[in-house]
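> From the sequence below, what's the structure:
(chains A and B)
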Amino acid sequence: MSSRALRQPLGLRLTSNFFLAFWCLVAAFPIFWITVMSFKSPVDAFDGNALNVIFGPATLETGKGISILDILMGIAVLWVTARLATKTLPSMVRTYTKPGQAWFGWIIGGLALVLGFLLALFVVLPAVLNVLNPLFGPLGRDVMGLTTEHYKTVWIDRGFSNNFKNSLIVTAGVVTVSLTVGTLAGYGLARSGSTLAFWILIVALVFRALPHSVLVAGYLPVFINSAEWLRPILGENAPTLYGKPFAVIAVLVAINQPFTIWMLRSFFQNIPAELDEAARVDGCNHFQAFRRVIMPVMWPGVITTGLFSFLLAYNDFLVTSLLLDAQNQTMVPAIAGMFNRETTTTDQVVAVAAAVSITAPLFFLVMIFQRQIVSGLTAGAVKG
Amino acid sequence: MNFRTFAAFVGPSVFMMLLFIAFPLVSVFKQSFYVTQPIYETVEVETCTPGFLTQTCVTEEKSIPKLDEHGEIITQTQFVGLESYRNVLEPERAWRAISEGSWSVLSTINFWKALRFTLTFTLITLPLVIGFGLAIAIVINNAAQAIRGPVIFVSLLPFIITPVIGALSINWLFRGDGILTAMLEWWLNRDIALFAQAWTIELLMMLYRVWHVAPFAAIVFYAGLQTVNQDSLESAVIDGASRWQRLKYIVIPHLMPLIIFVSMIHLMDAYRVFEEIVGFSSQGYVISLQWLTYDFLVPDQAGNRSISRASASAMLTMVGIVILLIAPLRRTWRDHKGGH
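A predicted model of the protein is given here:
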């Protein structure tokens, strides 16, 4: 692009950058806006005037607000977190973990960061600012309405923490099982050029296109009556599969399998076959070669695929809402129920707060794993 | 790699797919021809209410479900042939509506209404996603190196957000006097109710879908743009090609495989449109094929799920997927043949 012949005229550059800015605004605005709404009292949140929504005069009147000092400190915490996530965390993971165990370092590091952030923003900061605000005079006076009461309602009164726990169980199960099964299959498919391997991939592609409701229509009667037909095998205490998280994990793993094996196969094809051939010459069989030679170098691909498995399980609405009972409900179906039932504006804002709570972990995920997500999106595509 | 090792590696995955994808498909196919219902019996019930002198007694015939010794309802499964399909498609009414040329009658039948929306949704969003994706990729590629990272971060947000939540967040911006509706009203100086008629809801759903998928297309195309041959671009400049010609004759042909890839993924996903219906709670106005099956599966007030109708509508949805996939699969098959 350094060539002078390719340099662009000013007008074109301006248009291009203007369009880019416009796109960023469109991409971020809905998410930013529901985040703002979730911190306001209902009157402010659904005000027609944008400034009223941002500054929240009605929220301020009820005595809940933040000062300029609060805002500055909040921004500082956010900035430090972003910096830690994008710069310090990757380098720390690189230094402190062995090559084979980077994923473990990522999980620990990510959890520590999120916990630290929540602690700093919601526990340490309010305590410190309570002391500081009176000392700073006008800077410490409340200027902007802000309340966290809707989050308290969602997480404590509405039992959202239970839904959160269920979501955690389902996603953790799906990611672990799906990666274990998928890695083996992906490796096998990448190293075998047989027609059978080709047909498995093609059938997987067809399965990838199936609407999930088609499959759920097949599971429902079987799962509801499972105690009956499992009795001859498992005896009297045969479980009813309907409503059980482990049944949903199995279903989501299977639904996710076609995508997982396609993606991992393309990653394994990038690892030169000479590597495991060398190991085989030294006397390893296929499994030993896989364990000793391939496993240490496969983690980038596995982490990327794991991210997409996580997204599928975390974002799923259809399967979880039909196959889980109320007690084991995950977050996404729970909020849809909340939104359809509620009519008062307070309930609406509570639903908004729940929506923001669901989105926040994804936000951190993109922040930490941006590079892996981009490489995953392009990995399948670039090779066609 | 010999067959046994291959089977050991691939086995668990294939087993999962057979058990949880292939087997349910077969059982859905079978279910669509059967109906499971409780067995009803007619009994005479005598109800007496205390009255003066004697009780007043009324005998009436009631049909109640039969119970077995555990007190559970006995059900019976019956082969009904194409009955469930007929219930979903309602061919007589549909045919009459078509021969009269009256669209409004046809759209009272849920299946045809859902099919109409699913197809328009898929076909309208496809070019928009490709177009916006390409535009965003080109402007990101055009931007200074330093801001590309943050821009990609912001672009990923709509793609990564939970679909139901994404649809809801757009919904909140427009519903009632949502902030964007208020802005539109102020700009056009008239009252706007975006959720009072079907076509505006459909428009918002398409808007949401393009917002949600364009980042994916953009990032795939952006990766493709990195590998465009700079030499052929420069020689095009020397030959006097304009910017537009360079884009049309060098960049787009280079990206063609990626455009086909993104279109295929988008066709598969848009045909399954479902979360939008939930997020916009639009079932009163607009429904999609997958939502139709979902609705049959959700228990009604009496707690019954119409499994066999759901199976029939699921099989009909599958027909669409098969038609959609024939072309790409034939191409893959030809490539595979050619590769050997």
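
> Point out where chain B drops to low pLDDT.
For chain B, the stretches flagged by pLDDT under 70 are B:1, B:38, B:69, B:71-73, B:302-303, B:336-340.

> what ranges do the strands span in it?
Counting by DSSP state E, chain B has these strands, from start to end: B:34-38, B:40-49, B:56-65, B:75-79.

> neighbours of the closest residue to residue B:267 other than its chain neighbours, just the number please.
Among residues not flanking residue B:267 along the chain, residue B:324 sits closest, at 5.7 Å (CB to CB, 6 or more residues apart in numbering or on different chains). All C-beta atoms are positioned from the backbone trio N, CA, C, and that covers glycine. Residues near residue B:324, counting by other CB atoms under 10 Å in any protein chain shown, number 16.

> State the distance from residue B:324 to residue B:217.
In this view, residue B:324 and residue B:217 are 18 Å apart by CB to CB, to the nearest Å.

> The host helix or strand of residue A:177 packs against which elements?
For residue A:177, the element it lies in under DSSP states H and E is helix A:160-191. If you count contacts as 3 or more CB pairs under 8 Å, 6 or more residues apart in numbering or on different chains; DSSP states H and E, helix A:160-191 packs onto helix A:195-209, helix A:245-270, helix A:299-315, helix A:331-341, helix A:345-382, helix B:3-17.

> give me the residue from the stretch 201-350 of chain A nearest chain B.
residue A:218 (2.6 Å; CB to the nearest CB).

> residue contacts, that residue?
Shown in contact with residue A:218 (CB atoms under 8 Å, 6 or more residues apart in numbering or on different chains): B:23-28, B:31, B:311.

> again, only this time at 6 Å
Residue A:218 makes contacts with B:24, B:27-28, as judged by CB atoms under 6 Å, 6 or more residues apart in numbering or on different chains.

> a markdown table for the helices and strands packed on helix A:160-191, including distance to residue B:186 and mean neighbour count?
Below are those laid out as a markdown table (distance: least, CB to CB, whole Å; neighbours: other CB atoms under 10 Å in any protein chain shown):
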| stretch | distance to residue B:186 | mean neighbour count |
| --- | --- | --- |
| helix A:195-209 | 44 | 17 |
| helix A:245-270 | 45 | 22 |
| helix A:299-315 | 35 | 21 |
| helix A:331-341 | 27 | 20 |
| helix A:345-382 | 21 | 21 |
| helix B:3-17 | 54 | 17 |
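
> Pull the number of nearby residues for the closest residue to residue B:285 other than its chain neighbours.
In space, residue B:285 comes closest to residue B:198 once its chain neighbours are excluded; the distance is 4.2 Å by CB to CB, 6+ apart. If you count neighbours by other CB under 10 Å, residue B:198 ends up with 15.

> quick one: terminal-to-terminal distance for stretch B:235-250?
With CA to CA, to the nearest Å as the measure, the ends of stretch B:235-250 fall 11 Å from one another.

> Buried residues, it. List them.
Using 16 or more other CB atoms under 10 Å in any protein chain shown as the test for burial, stretch B:235-250 gives B:236, B:241, B:246, B:250.

> Then stretch A:111-131?
Within stretch A:111-131, the residues that count as buried by 16+ other CB under 10 Å are A:113-114, A:117, A:120, A:125, A:129.

> need those in JSON lines with secondary structure, can you?
What follows is these, written out as JSON lines (DSSP: H, G, I helix; E, B strand; the rest coil):
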{"residue": "A:113", "secondary structure": "helix"}
{"residue": "A:114", "secondary structure": "helix"}
{"residue": "A:117", "secondary structure": "helix"}
{"residue": "A:120", "secondary structure": "helix"}
{"residue": "A:125", "secondary structure": "helix"}
{"residue": "A:129", "secondary structure": "helix"}
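
> what's the neighbour count on residue 20?
Using chain A. Residue A:20, neighbours per other CB under 10 Å, totals 21.

> let's do chain B instead
21.

> for residue B:330, same thing?
By other CB under 10 Å, the residues close to residue B:330 number 10.

> and what of residue B:215?
The number of residues packed near residue B:215 is 25, by other CB under 10 Å.

> Report the buried members of the contacts of residue A:218.
So, of the contacts of residue A:218, B:24, B:27-28 end up buried under the neighbour-count rule (16+ other CB under 10 Å).

> Looking at these, which are in helices?
B:24, B:27-28 (DSSP state H).

> follow-up on the earlier one: hey, least reliable of the helices and strands packed on helix A:160-191 by pLDDT?
Note on these: lowest mean pLDDT is at helix A:331-341, with a mean of 74.

> hang on, the earlier thing: intersect the contacts of residue A:218 with the contacts of chain A.
Residues shared between those and the neighbourhood of chain A are B:24, B:27-28 [CB under 6 Å from any CB of the partner chain].

> Quick check: residue B:321 touching residue A:207?
No - if you go by CB atoms under 6 Å, residue B:321 and residue A:207 don't touch, sitting 10.3 Å apart.

> Which residues are in contact with each of the two?
Common neighbours of residue B:321 and residue A:207 (criterion: CB under 6 Å, 6+ apart): none identified.

> Distance of the residue nearest to residue B:285 relative to residue A:154?
From residue B:198 over to residue A:154 the distance is 32 Å, taken as CB to CB.

> what does the stretch 151-300 of chain B have sitting close to chain A?
By the rule CB under 6 Å from any CB, the part of the stretch 151-300 of chain B lying against chain A is B:153-158, B:160-162, B:164-165, B:168-170, B:173, B:177, B:179, B:182, B:219-220, B:223, B:237, B:257-258, B:261, B:268, B:272, B:275, B:278, B:290, B:293-294, B:297.

> Please produce a markdown table containing the ones next to chain A among the contacts of residue A:218, extended by distance to residue A:31.
Shown next, in a markdown table, are the ones next to chain A among the contacts of residue A:218 (distance: CB to CB, whole Å):
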| residue | distance to residue A:31 |
| --- | --- |
| B:24 | 35 |
| B:27 | 40 |
| B:28 | 37 |
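
> which of these lies closest to chain A?
The nearest member of those to chain A, counting by CB to the nearest CB, is residue B:24 at 2.6 Å.

> Helix or strand: which one has the nearest residue to the closest one once chain neighbours are set aside?
Leaving aside its sequence neighbours, residue B:24 sits nearest to residue A:218 (CB to CB, 6+ apart; 2.6 Å). Per DSSP H and E, residue A:218 falls inside helix A:212-224.

> Helix A:245-270 and the helix or strand just after that helix, what's the angle between them?
Once helix A:212-224 ends, the next helix or strand along the chain (criterion: DSSP H and E) is helix A:226-234. Counting by axes from the mean of the first three to the mean of the last three CA atoms, to 10 degrees, helix A:226-234 lies at 70 degrees to helix A:245-270.
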